[in-house]
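Participant: sharing a model that was predicted from the sequence below.
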Amino acid sequence: IIEMVYALDQIAPGTANEDTLLYGVEVKFYNSKVDVDENMETKIKGLYALGDGSGVTHSLSQASASGVLTARVLAEKY
């Protein structure tokens, strides 16, 4: 990431300075969708696929929400 900022500074001078705030880099590669139920459980009992690894979510907030959902399901179950 640092090398990218310095390379960008060559194109847009002033980018690489102490005031530059880089708070997130996102790349849009979507995974194949895993078959999950409404609780994010796969067809294999006890195996949950959540977040971006499930192929269901496409943002940080959705991935986080799937983690909260699964945690609540597991807390009720166990």
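Facilitator: That came in fine, so what should we check first?
Participant: where does pLDDT dip in this protein?
Facilitator: 24-31 (pLDDT under 70).
Participant: the protein: helices as residue ranges?
Facilitator: 2-11, 60-77 (DSSP state H).
Participant: which stretch among the ones you listed comes nearest Val34?
Facilitator: helix 60-77 (11.4 Å; CB to CB). Backbone N, C-alpha and C define where each C-beta goes, glycine included.
Participant: can I get that closest one in PDB? Just the C-alpha atoms.
Facilitator: Output of helix 60-77 as PDB, limited to C-alpha atoms (Å, rounded to 0.1, in the frame of the first residue of the first chain):
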ATOM      1  CA  LEU A  60     -18.200  -4.600   5.200                       C
ATOM      2  CA  SER A  61     -21.500  -3.800   6.800                       C
ATOM      3  CA  GLN A  62     -23.200  -6.900   5.300                       C
ATOM      4  CA  ALA A  63     -20.300  -9.100   6.300                       C
ATOM      5  CA  SER A  64     -20.400  -7.800   9.800                       C
ATOM      6  CA  ALA A  65     -24.100  -8.300  10.100                       C
ATOM      7  CA  SER A  66     -23.800 -11.900   8.900                       C
ATOM      8  CA  GLY A  67     -21.300 -12.400  11.700                       C
ATOM      9  CA  VAL A  68     -23.600 -10.900  14.300                       C
ATOM     10  CA  LEU A  69     -26.500 -13.000  13.000                       C
ATOM     11  CA  THR A  70     -24.500 -16.200  13.200                       C
ATOM     12  CA  ALA A  71     -23.200 -15.400  16.700                       C
ATOM     13  CA  ARG A  72     -26.700 -14.900  17.900                       C
ATOM     14  CA  VAL A  73     -27.900 -18.100  16.400                       C
ATOM     15  CA  LEU A  74     -24.900 -20.000  18.000                       C
ATOM     16  CA  ALA A  75     -25.500 -18.300  21.400                       C
ATOM     17  CA  GLU A  76     -29.100 -19.400  21.400                       C
ATOM     18  CA  LYS A  77     -28.100 -22.900  20.300                       C
END
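Participant: buried stuff in that helix?
Facilitator: Ala63, Ser66, Thr70, Val73 (16 or more other CB atoms under 10 Å).
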